[in-house]
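In: Coordinates for the following, if possible.
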Amino acid sequence: MLYKIKSQKYKAFIFIVEAICMILELCASRVLSPYFGNSNIVWTSVIGIILLSSSLGNYIGGKIADKDRLKENLRFIIFMSALFVLLIPLIQKGLLEYIAKIFSNIKLGAIIGTLAMFFIPSLFLGCVNPIIIKLSLKNLETAGEVTGKVYAFATIGGIVGTFLGGFVLVPNFGSVQILYVLASILFILAFLLNIKKSFKVSFIYFSVVIIAITMLIYSIYSNTIKAGLILNGQDMISASFDTQYGRVIIKNMYYNNEHVRILNIDSGYESATFIDEYKQNELVFNYTKYYDLMFNSKFEINNVMMIGGAGYSYPKYYISTYPTKNIDVVEIDGDITKIAKKYFYLDKLISDYNLNENHRLGLINEDGRTYLNRNTKKYDAILNDAFSGDNPAKTLTTLELIKSIKNSLNENGMYLTNIISALDGTNSKFIKAEVNTLKKVFKNVYVVPCSSLENTELVQNNMVIATDQELYFKGEYKLNIDENEIVLTDDFCPVDTLIPHK
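Out: Okay, here's the model as predicted:
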């Protein structure tokens, strides 16, 4: 009976540890995203490094499992894993900023950043599994059964951790707070393994748990205070929020000698607003003004859809500038819309222009691709400004998506998309592939650079306009498209290898 109780205890331990491993992996992408983005490059680095560290931990744990003092070693391993998890939120900003500065190659930077933050805690956690198996073994005759059960509980723990972390914890509590909670749980596990030992050692474990919990409370309280100060216009501070889709950072700063509030998502400036009340509906970033090129149409533009709301800068400008026109904004992240209402004066716009009554502004929190697939409404123009950091949404670049866009446009409607790219050279691969794809659906595709027409190798915002109309745009650049240029499809869409990287 005593053996069965101990066996169940160890299964619970491995269940919790594996759940923590998966939650830690989910947090890793959020910790790295403000410095390296949230692209496939970051996820590949996170998965690869954590698999490497876990496998090395399994090897070392197997060696330790063949030695004496298994419980003491397990307690030390869990304690050290807790300590290094606790260190992550304390050192991440300074260390990752430094790594991002010295490694200009984003792939190398993401790998080094993952190694620096997550290799050691994942290594210690990887040691746990072999030791638990050894502690659970009664005799060699049942080795296969015990090993299978331990791995089964570990896998189930990993599954629970994945869904709990991805659907509940990360979007609702934020990666920093979660890391403090994970560290606290690991310290408690180490304490439970030491519960029959000396009061002095137990007191040390208990004290560290209290410290971790205190840091968690301070982190939550501090971010709330910072958010309030930002609303009051204070500079030099930032508040961070984790949503279902990314890490959001808000801060006030001066941009072109103007006081503005910036919305940063996954290493890129997604949106901005002027803080001065009389300018809150004006456009901060120059490229957003180029969406007005839709009014070069030979036909009247009244009903517009925009994919990607972020801080709702262009929709605010559009509503306040064109009092008879309507716009539907499709923003995948409902939490971003809430942030825009509170911090970027979207609620004020709704109130000032009575938008709850006249319905000139439609707020649709849904994936842009999903919305277009089922949409039956016709628009005069569709605008696309959906990015994750500096990376375009892959599903909004393909031939299939562009066909859906055309089906949602009135005859001779226009599609305008912002593309960050050079016009020539090695950094022009993405814009050439996207323009080539657009040409398979629309008769005419125009490219208007938003910064420089002379320096064609400069990575800049470019407004790409696709329509069946024959139009003229001042500053248009005739892009040189090779006949062998790829067409982006749902089946083959290597955007990560085409976009410019630092």
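
In: least trustworthy helix or strand in the chain by mean pLDDT?
Out: Sorting the helices and strands of the chain by mean pLDDT, DSSP states H and E puts strand 387-388 at the bottom, at a mean of 66.

In: mind listing what the next helix-or-strand element following that strand pairs with, with the direction of each?
Out: Next helix or strand after strand 387-388 toward the C-terminus (DSSP states H and E): strand 391-392. Here strand 391-392 is paired, per DSSP bridges, with strand 387-388 (antiparallel).

In: What distance separates the opening and closing residues of stretch 63-71?
Out: 14 Å (CA to CA, to the nearest Å).

In: Which stretches in this structure count as strands?
Out: 238-242, 247-255, 258-265, 268-274, 303-307, 326-330, 361-364, 379-384, 387-388, 391-392, 409-421, 444-449, 460-467 (DSSP state E).

In: tell me the domain boundaries of the protein?
Out: As assigned by automatic domain parsing, the chain contains the domains 2-227, 282-498.

In: Can you give me the separation between G61 and I20?
Out: Using CB to CB, to the nearest Å, we find G61 at a distance of 16 Å from I20. Where you see a C-beta, it was placed from the backbone N, CA and C, and this is true even at glycine.

In: Same drill for these two, tell me which one is more crowded.
Out: I20 (28 against 25; other CB atoms under 10 Å).

In: burial of N480, as a residue count?
Out: Neighbour tally, N480, other CB under 10 Å: 11.

In: same check, this time on A152
Out: A152, neighbours per other CB under 10 Å, totals 13.

In: same deal with I60?
Out: 16.

In: What sits closest to it if chain neighbours are left out?
Out: Nearest residue to I60 in three dimensions, chain neighbours excluded: C127, at 5.4 Å (CB to CB, 6 or more residues apart in numbering).

In: That neighbour and S55 touch, don't they?
Out: No - contact criterion CB atoms under 8 Å: C127 and S55 do not qualify, at 11.1 Å.

In: Neighbour count for the two, which is higher?
Out: Each of C127 and S55 has its neighbours counted (other CB under 10 Å); C127 has more, 28 against 13.

In: Quick one: residues contacting the more buried one.
Out: G57, N58, I60, G61, I64, I77 (CB atoms under 8 Å, 6 or more residues apart in numbering).

In: 6 Å instead?
Out: G57, I60, G61, I77 (CB atoms under 6 Å, 6 or more residues apart in numbering).

In: And the pLDDT at it?
Out: C127 is assigned 93 on the pLDDT scale.

In: One more: T214?
Out: T214 is assigned 75 on the pLDDT scale.

In: go on, Y254?
Out: 92.

In: Could you give the number of residues near it?
Out: Using other CB under 10 Å, Y254 has 9 neighbouring residues.

In: got it, and the one 5 residues further on?
Out: The burial count assigned to H259 is 14, neighbours taken as other CB under 10 Å.

In: Hmm, I275 and it touching each other?
Out: Yes - judged on CB atoms under 6 Å, H259 makes contact with I275 at a distance of 4.7 Å.

In: Reformat the contacts of C127 as a markdown table; add distance to S45 and pLDDT.
Out: Below are the contacts of C127 laid out as a markdown table (distance: CB to CB, whole Å; pLDDT from 0 to 100):
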| residue | distance to S45 | pLDDT |
| --- | --- | --- |
| G57 | 18 | 93 |
| I60 | 22 | 94 |
| G61 | 24 | 91 |
| I77 | 25 | 92 |
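
In: Helices - which of these land there?
Out: Among these, DSSP state H puts G57, I60, G61, I77 in helices.

In: between these, which is closest to Y287?
Out: Ranked by distance to Y287 (CB to CB), these are led by G57 at 46.5 Å.

In: Excluding sequence neighbours, find me the nearest residue to that closest one.
Out: G126 (2.1 Å).

In: neighbours of the one you found, just the number please.
Out: 25.

In: That one against S54, yeah?
Out: Yes - using CB under 6 Å, G126 is in contact with S54, at 3.9 Å.

In: Just the buried residues of the helix ranked longest in the chain, please?
Out: Of all the elements of type helix in the chain, the one with the most residues (DSSP H) is helix 2-36. For helix 2-36, the neighbour count (16 or more other CB atoms under 10 Å) marks 7, 10-11, 13-36 as buried.

In: Next, the contact list for I262, please.
Out: Contacts of I262 (CB under 6 Å, 6+ apart): K251, M253, Y269, A272.

In: from these, which would you call buried?
Out: K251, Y269, A272.

In: What does the pLDDT read for S219?
Out: For S219, pLDDT reads 69.

In: same question, the one 4 residues further on
Out: N223 is assigned 78 on the pLDDT scale.

In: Skipping adjacent residues, who's closest to it in space?
Out: A239 (5.5 Å).

In: likewise M117?
Out: Nearest non-adjacent residue to M117, counting by CB to CB, 6+ apart: I88, 5.5 Å away.

In: And the strands of the chain, which one averages the lowest pLDDT?
Out: When I compare those, strand 387-388 is least confident, with a mean of 66.

In: that older thread, OK, contacts around the residue nearest to N223?
Out: N223, K226, A227, I230, I250 are the contacts of A239 under CB under 6 Å, 6+ apart.

In: I'd guessed the second one sits against I237; true?
Out: In other words, K226. Yes - assessed by CB under 6 Å, K226 is found in contact with I237 at 5.1 Å.

In: picking that back up, any idea how far the residue nearest to N223 is from Y35?
Out: 17 Å.

In: residues contacting I133?
Out: Going by CB under 6 Å, 6+ apart, the list of residues near I133 reads T147, V150.

In: gap between the residue nearest to N223 and K226?
Out: Distance from A239 to K226, by CB to CB: 4 Å.

In: would a markdown table of the ones in helices among the contacts of C127 with distance to S408 be doable?
Out: Formatted as a markdown table, the ones in helices among the contacts of C127 follow (distance: CB to CB, whole Å):
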| residue | distance to S408 |
| --- | --- |
| G57 | 51 |
| I60 | 56 |
| G61 | 55 |
| I77 | 56 |
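
In: quick check, nearest of those to I210?
Out: The closest of the ones in helices among the contacts of C127, once distances to I210 are taken by CB to CB, is I77, at 21.6 Å.

In: That closest one: how many residues sit nearby?
Out: Neighbour count for I77, taken as other CB under 10 Å: 25.

In: From what I see, it and L123 are in contact.
Out: No - counting by CB under 6 Å, I77 sits too far from L123 to count as a contact (9.5 Å).

In: For G308, give me its contacts.
Out: D385, A386.

In: Need the pLDDT of it.
Out: Predicted confidence (pLDDT) for G308: 90.

In: just the helices in the stretch 101-250 of the chain please.
Out: For the stretch 101-250 of the chain, the helices defined by DSSP state H, counting those that start in this stretch occupy 106-126, 128-136, 143-163, 170-173, 175-193, 199-231.
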